[in-house]
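Undergrad: Sequence plus predicted model, see below.
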Amino acid sequence: HWRSRIGVLGWRPLFPLAWLVRPILPGRLLGRRLGLRSAGAGAGARFDGLWNRWWDRPVMPGIEVREADRASGEWDAFWNGIQPTIGPCLARDASWINWRYRDPPDARFRVLVARRDGQPAGYLAARVRDGSAVIGDVFTAPEDAPVFGALVGDAVRRLVAEGVPVTRALA
């Protein structure tokens, strides 16, 4: 009955949270729901391709996304430069990224790093478990929609190539 104590303790909601879900292979999901064995072939695969082309946005020139093994000192330079503009928030330096997303033995995430003109501009951390993907974090400079779009688009393309039918993010 923990919710009964919220008012007594003076707690109040700060912001709403919602799971955002994007099917990335809707033909396969529909086939699975309908019990069709050939969900990955034919019309379903064509529908999946059209669906993802409709959602995908072109990547701006100068932005490159690659998977990173470890966050490094150059990420710290990006974080130190951007931190004063975003105010108080959780740390997003290299040691935190490695601790949270690369080092956990049971929940290792893939970390994609976006670079603009060779310099770090953002990252996305995602993991695949139980047949679906979860995006754990996307971090860019405030209002940097091109880097955000490049990271999410690249993650989706990688997941489609692996046959992962759906991805989720808490927002």
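TA: Great, that's in hand. Residues are numbered from 1 along each chain as shown.

Undergrad: List the strands paired with the strand ranked longest in the chain, with their directions.
TA: Secondary structure of the chain per DSSP state E: the longest strand is strand 119-129. Strand 119-129 has its sheet partners listed here by DSSP bridges as strand 110-116 (antiparallel), strand 132-140 (antiparallel).

Undergrad: if we look at the following helix or strand past the last one, which residues are touching it?
TA: When you say that, I think you mean strand 132-140. Note on strand 132-140: by DSSP states H and E, the next helix or strand toward the C-terminus is helix 145-162. Residues outside helix 145-162 that contact it (C-beta atoms under 8 Å, 6 or more residues apart in numbering): 22, 24-25, 48, 52, 55-57, 59-60, 63, 65, 110, 112, 114, 116, 121-124, 126, 128, 133, 135, 138, 140-141, 167. Where C-beta positions appear, they are placed from N, C-alpha and C, glycine not excepted.

Undergrad: low pLDDT regions in this structure?
TA: 1-4, 15, 17-20, 36-44, 55, 57-58, 171 (pLDDT under 70).

Undergrad: Pick out the residue closest to the middle of the protein.
TA: Within the chain, the residue whose C-alpha comes closest to the C-alpha centroid is Ile135; the distance, by C-alpha atoms, centre = their mean, is 3.4 Å.

Undergrad: show me the contacts for that residue.
TA: Taking C-beta under 8 Å, 6+ apart, one finds 124-126, 152, 155, 167-169 in contact with Ile135.

Undergrad: Against Ala107, how distant is it?
TA: According to C-beta to C-beta, to the nearest Å, Ile135 stands 13 Å off from Ala107.

Undergrad: circling back: redo the strands paired with strand 119-129 as TSV? Include distance to Leu90.
TA: Output for these, formatted as TSV (distance: least, C-beta to C-beta, whole Å):
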stretch	distance to Leu90
strand 110-116	16
strand 132-140	9
